[in-house]
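In: 3D model of this:
(one chain, ligands or ions: 1)
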Amino acid sequence: MKNVLVIHGPNLNMLGQREPETYGSDTLADINERLVTSGKSQSLAVTCLQSNSEAELVTRVQACAQDGTDFVIINPAAFTHSSIVLRDALLAVAMPFIEVHLSNVHARESFRQHSYFSDKAVGVICGLGAQGYELALQAAAKQLN
Ligand code: DQA
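Out: Alright, predicted model coming up:
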């Protein structure tokens, strides 16, 4: 079994109620449950973490160096557009990652069109809603198995 860590950034704990026309009606629990289930069928142990705290996310990413994490799927949410520190943490542990966004950030405000992660990501998926996480997991399985 390979280990995949799915990281959700700030405000994603509010999925389901948060701007459903932009982010869809699935809750974060719905999304995580599906990822854990589909992970099993692809021989992947999926662990999910959401935090509103940049420090907590950085500390969790640093722990990947020792805890057997093989791959990260990350929706950094608003940290996408601001967090050099989270980018540096992923690079520090040399963790391959796929960046996911529920919405098509390129069709939104100009400040959402720059990502501190995309140039280092294995791939980027955006605009496909919760399905984007499933597709990222399939891609992770292909990379790992
Ligand atoms: C998001 C897009 C970001 O711009 C935004 O700040 C989010 C969610 C997305 O999944 O579409 O919180 O990452």
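In: For the closest residue to H101 other than its chain neighbours, the count of nearby residues, please.
Out: Nearest non-adjacent residue to H101, counting by C-beta to C-beta, 6 or more residues apart in numbering: C126, 3.8 Å away. C-beta: built from backbone N, CA, C; applies to glycine. By other C-beta atoms under 10 Å, the residues close to C126 number 21.
In: Got phi/psi on C126?
Out: With angles defined as degrees, to the nearest 10, C126 sits at phi -150, psi 150.
In: Which residues of this protein lie near the ligand?
Out: N11, N75, A77, A78, T80, H101, L102, S103, V105, R112 (C-beta under 6 Å from any ligand atom).
In: Any chance of JSON lines for these, columns secondary structure?
Out: JSON lines is the format used below for these (DSSP: H, G, I helix; E, B strand; the rest coil):
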{"residue": "N11", "secondary structure": "coil"}
{"residue": "N75", "secondary structure": "strand"}
{"residue": "A77", "secondary structure": "helix"}
{"residue": "A78", "secondary structure": "helix"}
{"residue": "T80", "secondary structure": "helix"}
{"residue": "H101", "secondary structure": "strand"}
{"residue": "L102", "secondary structure": "coil"}
{"residue": "S103", "secondary structure": "coil"}
{"residue": "V105", "secondary structure": "helix"}
{"residue": "R112", "secondary structure": "helix"}
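In: Mind picking the two most distant members of the residues you listed?
Out: The distance between the two most remote of the residues of the chain next to the ligand (C-beta to C-beta) is 14.3 Å, for N11 and V105.
In: what about stretch 66-74, average pLDDT?
Out: Here stretch 66-74 scores 98 as its mean pLDDT.
In: contacts for it?
Out: For stretch 66-74, contacts defined as C-beta atoms under 8 Å, 6 or more residues apart in numbering pick out 2-9, 61, 63-64, 90, 95-100, 117, 133, 136-137, 140, 143-144.
In: Of those, which belong to helices?
Out: Among those, the members falling in helices are V61, A63, L90, Y133, A136, L137, A140, Q143, L144 (criterion: DSSP state H).
In: If you rank those by neighbours, which is first?
Out: A136 (28 neighbours).
In: can you pull the contacts of it?
Out: Taking C-beta under 8 Å, 6+ apart as the test, what A136 contacts is I73, I98, V100, G123, I125.
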